[in-house]
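K.L.:
sequence plus the predicted model coming up.
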Amino acid sequence: MKFGLQLGYWMAQPPENAGELVVAAEKAGFDAVFAAESWGSDAFGPLTWWGSSTERVRLGTSVVQMSARTPAATAMHALTLDHLSGGRAILGLGVSGPQVVEGWYGQPFAKPLQRTREYVGIIRRILAREAPVTSDGPHYPLPYTGPGSIGLGKPLKSIVHPLRADLPIWLGAEGPKNVALTAEIADGWLAIYYAPRLANMYNDWLDEGFARAGARRSRDDFEIAASCQVIITDDPATELERMRWIMALYIGGMGAPELNFHAQVYRRMGYEREVDEIGRLFQAGKKAEAAAVVPDELILDTAIIGDEEHVRKQLKVWEAAGVTMMLVSVPGIEQLHRLAPLVDQ
């Protein structure tokens, strides 16, 4: 099982130690470095800037929000990063949620599965560079001939020859239909809030996609990168308390009350009552009370927190569940150095 460093997205200011972490991760044997975006920093810029200090690690987006860019624009970013890095780019894509898609990007959220299939198909054709790219839509028609068109659009082929026509595309997915689609059309799954005890359920979803006609991969050559807080500590209680606040935010506040994909994930794990209560309290502005509702078990279903021996044992559990990469965030260089001996265990 490989390790990836998740830089995440920026908060109020750029992180001060990200460049140091990226270099240290490569030296420690990490396989990849990923950057994310929400509604502030973008995912490609940090990879280009900090990735220029590396020679080996793969550089991935986790994730690029599809509504932020047309498929052609995303393909241009990806092929550019791939050339600059010497073939180390991974294009991680995701639909995000309706609050961001419609509130920030001003795009419709409806039919996310259909949009994802169409979006990935266009990027594949751009990277293949076999012919000028056309698409019948309905979401990303090329050339565009709809309202406002002056009728002069023409099919085009990338001026730049992509370094790799098969540049890997991974999808961030949480629900059963999205995960099955990921197994069908993508090269890897960026799994958030993955719980090893539910591996059989995930495998059912994945197998549905692998079994579809024209599926791109099989289980043998498909990557599963699971985001996971892996924290080596002799004081797990303190870390659990910190994580309680983070989980309350994502379960109770990262999404509309009517549609929160993160909350749905934990409902599938069996935490329906806790999720409802966290959401009720968080939406009422009672964030401390919402955090207090988060049980240790909910956190530890999707995180590894404890001393080095405990972490080593749990990593084996995740690997046995089918995870091919642990995608970890670290607060600083000290924690990365503590993880380093586990990378090649």
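P.N.:
Looks like it came in fine. Keep in mind that this is a model prediction, so the values were computed, not measured. Residues are numbered from 1 along each chain as shown.

K.L.:
tell me who's in contact with residue 158.
P.N.:
For residue 158, the contact set (Cβ atoms under 8 Å, 6 or more residues apart in numbering) comprises 75, 76, 79, 126, 129. Glycine gets a C-beta too; all of them are placed from N, C-alpha and C.

K.L.:
can you classify it as helix, strand or coil?
P.N.:
Assigned by DSSP: H, G, I helix; E, B strand; the rest coil, the conformation of residue 158 is coil.

K.L.:
quick check: it vs residue 261, distance?
P.N.:
From residue 158 across to residue 261, the span is 33 Å (Cβ to Cβ, to the nearest Å).

K.L.:
export the contacts of residue 158 as JSON lines, with columns for pLDDT and distance to residue 329.
P.N.:
Converted to JSON lines, these look like this (pLDDT from 0 to 100; distance: Cβ to Cβ, whole Å):
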{"residue": "75", "pLDDT": "98", "distance to residue 329": "28"}
{"residue": "76", "pLDDT": "98", "distance to residue 329": "28"}
{"residue": "79", "pLDDT": "98", "distance to residue 329": "28"}
{"residue": "126", "pLDDT": "98", "distance to residue 329": "31"}
{"residue": "129", "pLDDT": "98", "distance to residue 329": "36"}
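
K.L.:
just the ones of these in helices?
P.N.:
In helices, defined here by DSSP state H, the members of those are 75, 76, 79, 126.

K.L.:
restricted to buried residues, select those residues in PyMOL.
P.N.:
Those of the ones in helices among the contacts of residue 158 that count as buried under 16 or more other Cβ atoms under 10 Å are selected in PyMOL with:
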select buried, resi 75+76+79+126
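
K.L.:
okay, buried residues for stretch 219-231 please.
P.N.:
Residues of stretch 219-231 classed as buried: 222, 223, 224, 225, 226, 227, 228, 229, 230, 231 (neighbour count, 16+ other Cβ under 10 Å).

K.L.:
any idea of the mean pLDDT for stretch 27-46?
P.N.:
Averaging pLDDT along stretch 27-46 yields 97.

K.L.:
quick one: end-to-end distance for it.
P.N.:
19 Å (Cα to Cα, to the nearest Å).

K.L.:
can you give the distance of it from its chain's centre?
P.N.:
Here stretch 27-46 is found 10 Å from its chain centre; the criterion is Cα atoms, centre = their mean, to the nearest Å.

K.L.:
got the buried residues for that stretch?
P.N.:
Going by neighbour count (16+ other Cβ under 10 Å), the buried part of stretch 27-46 is 28, 30-38, 41-44, 46.
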